[in-house]
Structures are given as C-alpha cells and as structure tokens.
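1. Turn this into a structure:
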Amino acid sequence: MIKNQKKIGIKFTSNRLIESLIKGLPDPKWSAKHSMVYIANTPKHLNLIFTTFKGVAWINYNRFLVNKPINTSNEQVDVTWFRNRKTQPGYRTCPEEYLLKLELKRYANSTVRTYVSFFEIFINHYKNKELQTINESDIRAFLQKQINRGVSHSYLNQIINAIKFYYEVVLGMPNRFYEIERPRKQSKLPRVISKEEVLNIIENTSNIKHRCIVELLYGSGLRRSELLQLKLIDIDSKRMLIRVEDAKGNKDRVTLLSQRTLENLRIYYKEWRPKTYLFEGMKGGKYSAESVLKIVKNAAIKSGIKQSVSPHVLRHSFATHLLESGVDLRQIQVLLGHSSSKTTEIYTHVATNTFKKIKNPLD
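-> The predicted structure follows:
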C-alpha cells in the first residue's frame, strides 16, 4: 500500500537482464520505504509481469491468491448461526465481508467460530471507532491489555490470527502493514500416562463403542478430529492398517490397527450398525468431539488416574510407548503424520529408556 493505493512490489537481486526488463514495465518507481520497485496493481499489469519474466525469473505471487480456498475437502462452512443469533443492544457483530471471506476460503467450522468470536472481542473493544481507522498502535494497545489480563500464549495467538485475517485477507493489506510481535512459543513436554493406566481406562469404558474409541485413540495414535473423520472404508482389516484422510496439513497417511481393536470393532459394528462414518451420533452424521472428550475423561476418573487425561494424551502415550519399545523415531513420525522430525523428537524427552541408561549420581 503506497498512498492508500495497492501496488505490485518487485523485489529482486541485482541482475542486468531483470533490471532491463523492469524498465520496460509501465511507469516503474522505486520505494525507499519498502526497498523495492513498484507499479500500479491492476490485472493487466500482473499479467504483463508474468509475460515479461516468463523463463527468466521465478515469481512469488502468493499475495495475489488470497481468495484461493485453503482446504477444498473441508465440510461446508456454516456461518448462518452468526448471522441469525440474537445479540445484546450495542454489541458490534463481525462484518459480513469477514464471514463471506471465511466461507470463500472454506476454513474448518471450528476455526470459523474461533476467528469470529475473537475478532468480535477486538472490535467491541473499539466499538466507537470505524474499523478502517483502527491503526497498529490501537492493536498493540489491545493486545497489551490482554497480556495484562494474564491470557495464555495460545489465546493471544488466536486473537492475533483473527485480527490479521481481517486486515490481510479481507481488506487485502500486505503483511508489513501489520507487524505485531507474537508471544514466544512455549516449549512444553507432552503429558503421558503408563500402559497400565491406558489399559485401566479401556476397561472402565461404559460400552463397546466407547471402548473402540479409546482403543483407536491410543492404539492408532489418532487425533480426535481424525477419529471422527474415519469412515467404514478406512479400516483395512487385511493389511491391519487404518487410512487417515485429510489430516492436519491436508495430508493423508496410514497408521496401525490393533488385532484386539479389530475384534472389538466387529462386535461394535454388529450392535450399532453405523452407515457412513465409523462413529456416528444418535441421529446419524459424525459423532461429536465433546462426546469423545467426555468418554476419555470419565473413563480416566473411574480408573483413579489423578492427572487430567484427554484424547491427545492417549496419542502422546502411543508415540512414547512405541519409542520406549525400540521403534525408530522416523517410523513414529510417519505413523503420527508429523511433517518434521523435530516435532516427533519431543517424545525423547519423556520416554523412560532415555533415562534408564543414565545412572543417578545419588545411587
């Protein structure tokens, strides 16, 4: 943005051919502030740049694809609830263009709810200001107030994401307009329970359906969202594998299927007869995430486990127990669907075999 007008910025390393081609573009100018050449942002000029530099340079045009859906496989986004809900007098609701952009980009419904709720907290803090007049200093002041309230790093990051979405995606402003420092990422160790505690949780489930859910979360290392997304056809009993589609990062993978779980799944299927998804609600359709959380927590309480147990704790325990039994870290990375080995390496910090080799100085 230069003088409130959108421009196409061209940044490049010194090269005589590229410099010569840039001089041939319509009215190129130099911006000292942004350290780049720029021309007017029009579809004609954008096409001209591609034509001019074709075969000469690689062009990063991600900024011009802001309307591209981020995940075409996501379920239909439902923002009707936000439009039809009743609000208190004077409450400032999320702008329609914000909702439309979320629909267009097909964010997951959970992300839509998070973005809308956090953005409304922000705009109601400045309810007497027009959105276009809220500047970077105002945003910093708002974030500082949240920090003073003692909110978590995750909470603060979600607020920043919701605000950035409005300015960068809805309004199309470049990232440099909005350079807000993010809180340092906290480095926390995963919570893990023992194999005995996992087996106790399984034994304390209420019925065969709940038992299968817990066994899959642990025995296959599934995320809760992946479990809910499983369809009947994803269970490969011949190869003893589970196909996980459209997981985090839009990646597919396969993971392990326990023989014990397969036998229980067959009993479960005869009793419950799910139609499409492996686990369905009373009225059909996907089982709810809240129900899965309750199943795990209630079974853990019945087992007498003092620490809080969630579906993700079972996933962490799956990875840690594999590492403790001698499974290669790279294989665990594949089973979990991690893009980077660094993410999987965190389990070396909690695996007991890491410490068994070390003799305690007190002993």
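2. Would you mind measuring from the residue positioned nearest the centre of the chain to Pro190?
-> Central residue of the chain (CA atoms, centre = their mean): Lys248, 6.5 Å from the mean position. Here the distance between Lys248 and Pro190 works out to 16 Å (CB to CB, to the nearest Å). All C-beta spots, glycine's among them, are computed from the backbone N, C-alpha and C.
3. Asp138 too?
-> From Asp138 over to Pro190 the distance is 38 Å, taken as CB to CB.
4. and what of Leu256?
-> 19 Å.
5. Over to Leu25?
-> 52 Å.
6. Over to Ser303?
-> Going from Ser303 to Pro190 by CB to CB gives 20 Å.
7. Just want to know which of these two has more residues nearby.
-> Set Ser303 next to Pro190 and count neighbours by other CB atoms under 10 Å: Ser303 wins out with 19 against 15.
8. isn't the more buried one right next to Asn200, touching?
-> Yes: Ser303 is within contact range of Asn200, at 3.9 Å (criterion: CB atoms under 8 Å).
9. in the protein, which spans are strands?
-> Using DSSP state E, the strands found in the chain span residues 7-10, 29-31, 36-40, 235-236, 241-247, 251-256.
10. which one of the ones you listed lies closest to Leu262?
-> Closest approach to Leu262 among these (CB to CB): strand 235-236, 7.6 Å.
11. And for the longest helix along the chain, what's in contact with it?
-> For the chain, the helix with the greatest residue count under DSSP state H is helix 109-125. Under the contact criterion CB atoms under 8 Å, 6 or more residues apart in numbering, helix 109-125 has outside partners 75, 77-79, 82, 91-94, 98-99, 102, 107, 131, 142, 145, 158-159, 161-163, 165-166.
12. how about the helices in the stretch 151-300 of the chain?
-> Along the stretch 151-300 of the chain, counting by DSSP state H, counting those that start in this stretch, helices occupy 153-164, 195-203, 208-219, 224-229, 259-272, 289-302.
13. Would you mind saying which of the ones you listed lies nearest Lys357?
-> helix 195-203 (20.2 Å).
14. what is the mean pLDDT for that closest one?
-> Mean pLDDT, helix 195-203: 97.
15. List the buried residues of it.
-> By neighbour count with 16 or more other CB atoms under 10 Å, helix 195-203 contains the buried residues Glu197, Val198, Asn200, Ile201, Ile202.
16. got the buried residues for stretch 24-43?
-> Leu25, Val37, Tyr38, Ile39, Asn41.
17. of those, closest to Gln229?
-> Distance to Gln229 across those (CB to CB) is lowest for Asn41, with 39.6 Å.
18. Wait, that closest one touches Lys7, no?
-> Yes: with contact defined as CB under 8 Å, Asn41 counts as touching Lys7 (5.3 Å).
19. Residues in contact with both of these two, list them for me.
-> With CB under 8 Å, 6+ apart, Asn41 and Lys7 have no common neighbours.
20. Any stretches of the stretch 151-300 of the chain with poor pLDDT?
-> Within the stretch 151-300 of the chain, the segments meeting pLDDT under 70 span 174-186, 249.
21. With distance to Gly281 as added columns, please give the helices of the stretch 151-300 of the chain in JSON lines.
-> As requested, the helices of the stretch 151-300 of the chain are exported to JSON lines (distance: least, CB to CB, whole Å):
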{"stretch": "helix 153-164", "distance to Gly281": "27"}
{"stretch": "helix 195-203", "distance to Gly281": "22"}
{"stretch": "helix 208-219", "distance to Gly281": "11"}
{"stretch": "helix 224-229", "distance to Gly281": "10"}
{"stretch": "helix 259-272", "distance to Gly281": "11"}
{"stretch": "helix 289-302", "distance to Gly281": "8"}
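22. Show me the one of these that comes nearest Pro361.
-> helix 195-203 (28.8 Å).
23. got the angle for that closest one vs helix 208-219?
-> Helix 195-203 and helix 208-219 are oriented at 160 degrees to each other (axes from the mean of the first three to the mean of the last three CA atoms, to 10 degrees).
24. Just the C-alphas of helix 195-203, formatted as CSV.
-> What follows is helix 195-203 as a C-alpha-only set of coordinates in CSV (Å, rounded to 0.1, in the frame of the first residue of the first chain):
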residue,chain,number,x,y,z
LYS,A,195,0.5,-48.6,29.5
GLU,A,196,-1.2,-49.9,32.7
GLU,A,197,-3.2,-46.7,33.1
VAL,A,198,-4.2,-46.8,29.4
LEU,A,199,-5.5,-50.4,29.9
ASN,A,200,-7.4,-49.3,33.0
ILE,A,201,-9.1,-46.5,31.1
ILE,A,202,-10.1,-49.0,28.3
GLU,A,203,-11.5,-51.4,31.0
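25. That helix - contacts with which helices or strands?
-> If contacts are counted by 3 or more CB pairs under 8 Å, 6 or more residues apart in numbering; DSSP states H and E, helix 195-203 sits against helix 208-219, helix 289-302, helix 311-324.
26. And the contacts of the shortest one?
-> Residues outside helix 208-219 that contact it (CB under 8 Å, 6+ apart): 198, 201-202, 205, 222, 224, 227, 230, 242, 256-258, 260-261, 264-265, 267-268, 271-272, 279, 292, 295-296, 299, 311, 314-315, 317-318.
27. I'd like to know which of the residues you listed are buried.
-> Taking 16+ other CB under 10 Å as the criterion, what is buried in those is 198, 201-202, 205, 222, 224, 227, 230, 242, 257-258, 261, 264-265, 268, 279, 292, 295-296, 299, 311, 314-315, 317-318.
28. Now for Ile305, how many residues are close by?
-> Ile305 has 19 nearby residues by other CB under 10 Å.
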